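Colleague: Sequence first, predicted coordinates after that:
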Amino acid sequence: MGYAFKRIDRHGKPRYTACYEDLKGKITSAGTFSSKKEADRAWQRAEAEVGKGRDLNLKRGRQTFKKYVEETWLPNHEVEPSTMQSYHYSIYKHVMPEFGAMRMMDILPEHVRAWISGMKKNGVSAATIRYNKVVLSAIFTTALNDQVTYIHPCKGVRTPTVPEKPLEIISPEQFDDLYHALPDADSKLLVETAIETGLRWGELTELRGRDLKTRSRLLTVSRVVVELNPKFHPEGKRFLVKDYPKDKEWRRFKLSDQIVTKLEDHIIEEKLGTDGLLFVYQPETPVEEPPAPLDPEALGWTEENAKGRRYRHGTLSAYNAAKCRCDHCRRAFAEYRARRRADGKDNPREPRRRETDGHVPANWFRNRIWKPALKKADLDPKVRIHDLRHAHASWLLAGGADLQVVKERLGHGSISTTERYLHTLDDADDTALAAFDKIRSRRRTD
C-alpha cells in the first residue's frame, strides 16, 4: 500500500514524497510534491501502473543510449556471430554517432526522422538506411519489452524506398567465356560446381568428400562456413563452420553426370578423403603476366591542376602534383613504392599472410581469381560470384524445371523468392512473343 511521506524542507515548508511498492517489492519514490493530495494521486497512479506489470523506475530510462547498447543490449542479444558482426558495423558507423550521448527516454520519433534525413543527405544508400533503422528498431524493441523506455521511437517512421532492381542473369555463352578465362583447373572446378549446384559461397567452400555420393549423384548440403573478424568468433579464429545451412534445413539434390565425374576425379587425385575440403585455399595460384612497361610519352596529359600545370599520365608528377588517379598514374606510384620497399626504404612491412584453416577466403578469390577472369572475358565487372546462384535458378526454370523442385534445390524459404527467377534470361520472352504473333497474324476464313 502506497503512502505520502511528509518532511519539512529547509525553508520550513512541508513537502510530501509519494511512495509506492515497485515490481520487486521495494519502496520507491514517485516524486515529491507540495501537497499531500498531489502526492496521494502520484503514488496511486504508480500503483495502478505496477498493477499492469510496468516498472516505473525512471533511472533506467535516464541511462544513455551508448551505455544501454554496450552494457545491456549487445552482450545479451542472442544472434549468429555473422549477424552480430554486421550489427556492430552498423551501430558504430551510423547509429552511435547520432544517439550515443542521448538518454534512452529522450529519443523520440522526430529524432529518428531527422537521423534518416541526415543519412539521405549524406548519400547513404536506401538499402543501408533501411538496415540501420532495422538495427535501431531491434534495440528499442528490447528496451520497450524490458521497460527501459515506454515509447518506441521507430514506430511509424518511414525510410526511403529501396527499388526492386531486375536480376541481371549471365547467359550460358557469357559463362563459357568466363570459365575459359579462369587461370587454373581448381578455380574452374569451383566455378563450374557453383553454376551446377546454385550453392551459396559459404555452402560451396565448406563442401567435403562425404557430402557427395558418387553412385547416386546426390549432394547433401548440411553445413556452411562464415568468414568473421576474429573478435566476433567464439574462439578468436577467422572461419566459423555452422552445422546447418542458412535456412537451418539440410537439403539433398542430384548433380549431372559430368560434374560428378570431375569432382570424383578431383577427390581421388588430391587424396581428399571423406573429411577433406573439396576446394582449398591455394595462395600459390599463378597470377597474370606482368603488364608491359609504362610509356608516359604515349599516354597523353592530365587536366590542369590548381596552378594551371599539366603532367604526363603514368608519372609520379601526375599522381602527386595533378592528383590524377587514373590506372596509369596509380600504377606508376605503386611501382615506385614497391621499388623503395625492395631497397629497404619506407619501413618495408612483412608480407601480408591470410589467416585460413584451408577454407577459401571470399575476398582473396574475388580479387585474385574472379575479377581478372571477368576482365579477360570482357564481362561487366559488377558480376558477383553469388550471381552464379541466380544463373543456376534462372537456367533451370528457363529449361522447364518445376518451380517447387528449384525452390528445394536452392533452399529458398518461400516459393515467391524462387519466382523472381522466372523469365530473367534475355531470350525468355521469345516464346511469349511467338505465341502472341501466332494469334495476332491469324486470318479469318469464310
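Modeller: That came through, no problem.
Colleague: So in that sheet, which strands flank the helix or strand harbouring V241, and in what orientation?
Modeller: V241 is part of strand 239-242, with elements assigned from DSSP states H and E. Sheet pairing of strand 239-242 (DSSP bridges) gives strand 224-227 (antiparallel).
Colleague: before we move on, back to that, what comes into contact with the strand holding V241?
Modeller: Strand 239-242 is contacted by residues 80-82, 206, 223-228, 233-234, 356-357, 359 when judged by Cβ atoms under 8 Å, 6 or more residues apart in numbering. The C-beta positions use only the backbone N, C-alpha and C, and glycine is treated the same way.
Colleague: Which strands or helices does the longest helix seen in the chain pack on?
Modeller: The longest helix of the chain (DSSP state H) is helix 126-145. Counting by 3 or more Cβ pairs under 8 Å, 6 or more residues apart in numbering; DSSP states H and E, the packing neighbours recorded for helix 126-145 are helix 81-90, helix 109-121.
Colleague: Just checking, which helix or strand of the protein averages the lowest pLDDT?
Modeller: helix 430-440 (a mean of 63; mean pLDDT, DSSP states H and E).
Colleague: For ChimeraX, what selects the buried ones among the contacts of strand 239-242?
Modeller: Remark: buried members of these, expressed as a ChimeraX selection using 16 or more other Cβ atoms under 10 Å:
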select :82,206,223,224,225,226,227,228,233,356,359
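Colleague: ok, which pair from the contacts of strand 239-242 is furthest apart?
Modeller: Greatest spatial distance among the contacts of strand 239-242 (Cβ to Cβ): E80 and T356, at 20.6 Å.
Colleague: Measure how buried R331 is and give me the count.
Modeller: 14 (other Cβ atoms under 10 Å).
Colleague: pretty sure it contacts G314?
Modeller: Yes. The pair R331 / G314 is scored as a contact, 7.3 Å apart, by Cβ atoms under 8 Å.
Colleague: For the stretch 251-400 of the chain, which segments count as strands?
Modeller: Per DSSP state E, counting those that start in this stretch, the stretch 251-400 of the chain carries strands over the ranges 251-254.
Colleague: just to revisit the earlier point, can you pull the residues that touch both of R331 and G314?
Modeller: L294.
Colleague: which intervals of the stretch 151-300 of the chain have sub-threshold pLDDT?
Modeller: 284-290 (pLDDT under 70).
Colleague: show me where it has helices.
Modeller: Secondary structure of the stretch 151-300 of the chain, counting by DSSP state H, counting those that start in this stretch: helices at 172-181, 185-197, 201-204, 257-270.
Colleague: most packed of the ones you listed?
Modeller: Across the helices of the stretch 151-300 of the chain, averaging neighbours per residue (mean count of other Cβ atoms under 10 Å) puts helix 201-204 on top, at a mean of 22.
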